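Q: pasting a predicted model and its sequence here:
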Amino acid sequence: MAVLRAGLIGLGMMGRHHARILRDVEGVELVAVADPAGDPHRVAGGLEVLSGVDELVAAGLDIAIVAIPTRFHADAAFALAEAGVHTLVEKPIAEEAVTGRRVAEAFGARGLIGAVGHVERFNPALQQLRARLEAGDAGDVYQIATRRQSSFPGRIGDVGVAKDLATHDIDLTAWVAQSTYRAVSAQTAHKSGRDHEDMIAITGRLRNGIIANHLINWLSPMKERVTVVTGERGTFIADTATGDLTFYANGTVALEWESVSTFRGVSEGDVTRFAFAKKEPLRAELEAFRDSVLGARTELSTMAEAAHTLEVVESALLSAREGVTEVVSDPVSVNGH
């Protein structure tokens, strides 16, 4: 396997994990790191901590990871595209969808791999879920609902909970359902005194007809990461915090209790908790990035897909401000394919 020279800009909470894993991924050598704020987690090892993306590019890179605050994503990505470096940018792709589309176009025009770190695609529970849905285990899918709740992370200051966390749920829902969003409506709340929203509830419909619901906040004293998929044959529940997947099948035994037997719906059936290998999602994502650069087809989020995800989130925020349902642009026309 050819060895790819890798660079990393950003040595904060996410960057430290990228640095750790890049050193272990076969076929990749971490040769340069940069962060104008230094190396707070001491992950540079013997590498000099460079001051910015220009110095990083000068090290002679094949691939790069961008793990700096959102407001700096686009400038770093443009510089890396200009230098001909295949790049994975942490989500969201940029501060605004229009900029994200420009970033996607910059990489596409140069024939470069441009990916975005929607790491939930590599969560083992969601990978199992997507495969089982594709195999028809749930029959027709009616609804996908997610809950992503936790306390406020002090490291986030430039975006609200929608762009930081809802982007995960929008992307994973579209990926699991294999369909983009057609329309969304939302409500937001500002409870912690910050400039950005810390709670959002989103309702949407995908282009294939599936209903989507997302509850996301930074106001909960516990951490919850759950995806619920309801279909004609039963319900899948994926706990993405633990990587577990459970299927609640519709019952096949006739109900005899008179007070409920008149309800023409479903009954409880067998419950199955699946066992499968659980690779660390970020490791799987970085391996997929390597493989994509080497010519393989992977499940990475493309920059064009990430721009659509950001547009869905922006449409939800606009809906919350204006009190109307927002129609989302067709990503086919956005991406120019």
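A: Good, I have the coordinates. Fair warning: this is a prediction, and the values are worked out from it, not measured in the lab.
Q: contacts and neighbour counts: CA atoms only from here.
A: Will do.
Q: surely Ile200 is within a strand?
A: Yes: judged by DSSP: H, G, I helix; E, B strand; the rest coil, Ile200 forms part of a strand.
Q: hey, what's it bridged with?
A: Thr188, Ile216 (DSSP bridges).
Q: ok, now which ones touch it?
A: By CA atoms under 8 Å, 6 or more residues apart in numbering, Ile200 lies in contact with 161-162, 186-189, 214-217.
Q: again with Glu224
A: By CA under 8 Å, 6+ apart, Glu224 lies in contact with 147-150, 241.
Q: would you map the helices across the protein?
A: Remark: helices assigned in the chain by DSSP state H are 13-22, 53-58, 73-82, 97-109, 124-134, 161, 167-177, 258-261, 281-293, 303-322, 331-335.
Q: okay, the ones you listed in a markdown table with mean pLDDT next?
A: Converted to a markdown table, the helices of the chain look like this (pLDDT from 0 to 100):
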| stretch | mean pLDDT |
| --- | --- |
| helix 13-22 | 97 |
| helix 53-58 | 97 |
| helix 73-82 | 98 |
| helix 97-109 | 98 |
| helix 124-134 | 98 |
| helix 161 | 95 |
| helix 167-177 | 98 |
| helix 258-261 | 55 |
| helix 281-293 | 98 |
| helix 303-322 | 97 |
| helix 331-335 | 46 |
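Q: which one, of these, ends up nearest to Arg194?
A: helix 161 (10.9 Å; CA to CA).
Q: Ala249: which of the helices of the chain is closest?
A: The nearest among the helices of the chain, by CA to CA, is helix 124-134 at 13.2 Å.
Q: show residues contacting the closest one.
A: So helix 124-134 is contacted by 120-121, 138-139, 172, 175-177, 236, 238-240, 243-245, 276-279, 281 (CA under 8 Å, 6+ apart).
Q: report the buried members of the residues you listed.
A: Buried members of these, scored by 16 or more other CA atoms under 10 Å, are 120-121, 138, 172, 175-177, 236, 238-240, 243-245, 281.
Q: which two of these lie the greatest distance from each other?
A: Ala138 and Pro281 (24.5 Å).
Q: inside strands: which ones of the contacts of Glu224?
A: If you go by DSSP state E, the contacts of Glu224 have 147-150 in strands.
Q: and of the residues you listed, the nearest to Ile63?
A: Taking CA to CA as the measure, Ile63 lies nearest Arg148 of the ones in strands among the contacts of Glu224, at 31.1 Å.
Q: quick check, distance from stretch 193-206 to the centre of its chain.
A: 16 Å (CA atoms, centre = their mean, to the nearest Å).
Q: pLDDT (mean, whole number) over it?
A: Regarding stretch 193-206, the rounded mean pLDDT is 94.
Q: first-to-last residue distance for it?
A: 33 Å (CA to CA, to the nearest Å).
Q: got it, and stretch 270-279?
A: 28 Å.
Q: what does that stretch contact?
A: By CA under 8 Å, 6+ apart, stretch 270-279 touches 123-124, 243-251.
Q: what's the local residue count around Glu197?
A: 20 (other CA atoms under 10 Å).
Q: ok, now the one 10 residues further on?
A: Burial measure for Arg207: 17 neighbouring residues, criterion other CA under 10 Å.
Q: please name the nearest non-neighbouring residue to it.
A: Leaving out its chain neighbours, the residue that sits closest to Arg207 by CA to CA, 6 or more residues apart in numbering is Arg182, at 5.1 Å.
Q: Arg16 against Val43, yeah?
A: Yes: between Arg16 and Val43 a contact is recorded at 5.9 Å, counting by CA atoms under 8 Å.
Q: okay, the helices of the chain in TSV with distance to Leu206 next?
A: Below are the helices of the chain laid out as TSV (distance: least, CA to CA, whole Å):
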stretch	distance to Leu206
helix 13-22	30
helix 53-58	38
helix 73-82	28
helix 97-109	19
helix 124-134	16
helix 161	22
helix 167-177	8
helix 258-261	33
helix 281-293	25
helix 303-322	11
helix 331-335	12
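Q: of those helices, which approaches Val66 most closely?
A: If you check each of the helices of the chain against Val66 by CA to CA, helix 73-82 wins as the nearest, at 6.9 Å.
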